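> fold the stuff below for me.
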Amino acid sequence: MRSSILRALPVVTGIAASALCAALSCAPTYAEGVVKVVTDRAKVFRIDEPADTIIIGNPAIADATMHDRTTLVITGKAYGTTNLVILNKAGNPIIDEVIAVEPPGGSVVTLMRAKETYSYDCTPACKPHLNIGDDKEFFDNTYKQVSQRRALSEGGGEGQSGQ
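Below is the predicted model of the structure:
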C-alpha cells in the first residue's frame, strides 16, 4: 500500500516537531516509495491518522518508537532494507513503506589494510567509528570502549579502561 501521509522531519533538539513541520512544509524525503534513514540517526515522522500498532520487519535494521499517536521516530541501526507497517485501532494498515538504512555520508573514512577495513569518523578529528564489515578485533575493541563510556555516563560504569 502506497501512502502519502508519511512525512519526514529532521530531528532538532528544542524545536517542536509541529513548528518544524510548518517551517519545512512537511516535504517527504523518500523517493520511489523508500524512506531513507542513516545509521545511528533518528528521523521524526508524522502521520495523519492515529496509530495503534507499529511493526518493523527487521528490528536489527531499524527501530521505531511512538512519541504520540501521530508522531513516530525511526532510528537506523544497520545497513539494509526492511519495512514499516502501521495499523490503526481497527487493525487496518495506514502505512506500509520500505525503510532503507544507509551509511552516514561524508565524514566516515574507511581505511583498508590488506583484507581488513577500519572506519573512522573524521568530524573534525578522526576517531574510531563502529561500521559493519570492519575488522572484528577493531570493531569489538571500539564497541567495548563505547559501551564502557556509555555506562560511565549513565552512572553504572566502574571506570575500566577497556583492557
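
> now the helix ranked longest in the chain: mean pLDDT?
Assignment by DSSP state H gives helix 136-153 as the longest helix of the chain. For helix 136-153, the mean per-residue pLDDT is 92.

> please compute how far it lies from its chain's middle.
Offset of helix 136-153 from its chain centre (Cα atoms, centre = their mean, to the nearest Å): 19 Å.

> how about the strands in this structure?
In the chain, the segments counted as strands under DSSP state E are 7-10, 34-38, 42-46, 53-56, 62-68, 71-76, 80-87, 93-102, 108-113, 116-122, 126-128.

> model confidence for the residue of the chain most remote from its centre, exactly?
Farthest-out residue of the chain from its mean C-alpha position, per Cα atoms, centre = their mean: residue 114, at 30.7 Å. We have a pLDDT of 90 for residue 114.

> again with residue 35
Here the pLDDT value assigned to residue 35 is 89.

> please renumber the chain so that the first residue is 828 from this point on.
In the new count, where the first residue is 828, that last one comes out as residue 862.

> what's around it, how many residues?
For residue 862, the tally of surrounding residues (other Cβ atoms under 10 Å) stands at 23. In this view, the C-beta of every residue, glycine as well, is placed from N, C-alpha and C.

> with residue 967 instead?
Burial measure for residue 967: 12 neighbouring residues, criterion other Cβ under 10 Å.

> go on, the one 5 residues further on?
Each residue near residue 972 was counted by other Cβ under 10 Å, and the total is 14.

> from residue 869, how far out is it?
Applying Cβ to Cβ, to the nearest Å, the value for residue 972 to residue 869 is 23 Å.

> hang on, the earlier thing: and the longest helix of the chain with strand 943-949, angle?
Helix 963-980 and strand 943-949 are oriented at 40 degrees to each other (axes from the mean of the first three to the mean of the last three Cα atoms, to 10 degrees).

> show me what counts as buried in helix 963-980.
965, 966, 969, 975 (16 or more other Cβ atoms under 10 Å).

> please produce CSV containing the residues you listed, extended by distance to residue 860.
Formatted as CSV, those follow (distance: Cβ to Cβ, whole Å):
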residue, distance to residue 860
965, 36
966, 33
969, 35
975, 41
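
> for the residues you listed, name the two members farthest from one another.
Spanning the widest gap among those are 965 and 975, at 16.1 Å by Cβ to Cβ.

> which residues touch stretch 952-968?
Here stretch 952-968 makes contact (Cβ atoms under 8 Å, 6 or more residues apart in numbering) with 905-906, 930, 935-937, 943-948, 969-970, 972-973, 989.
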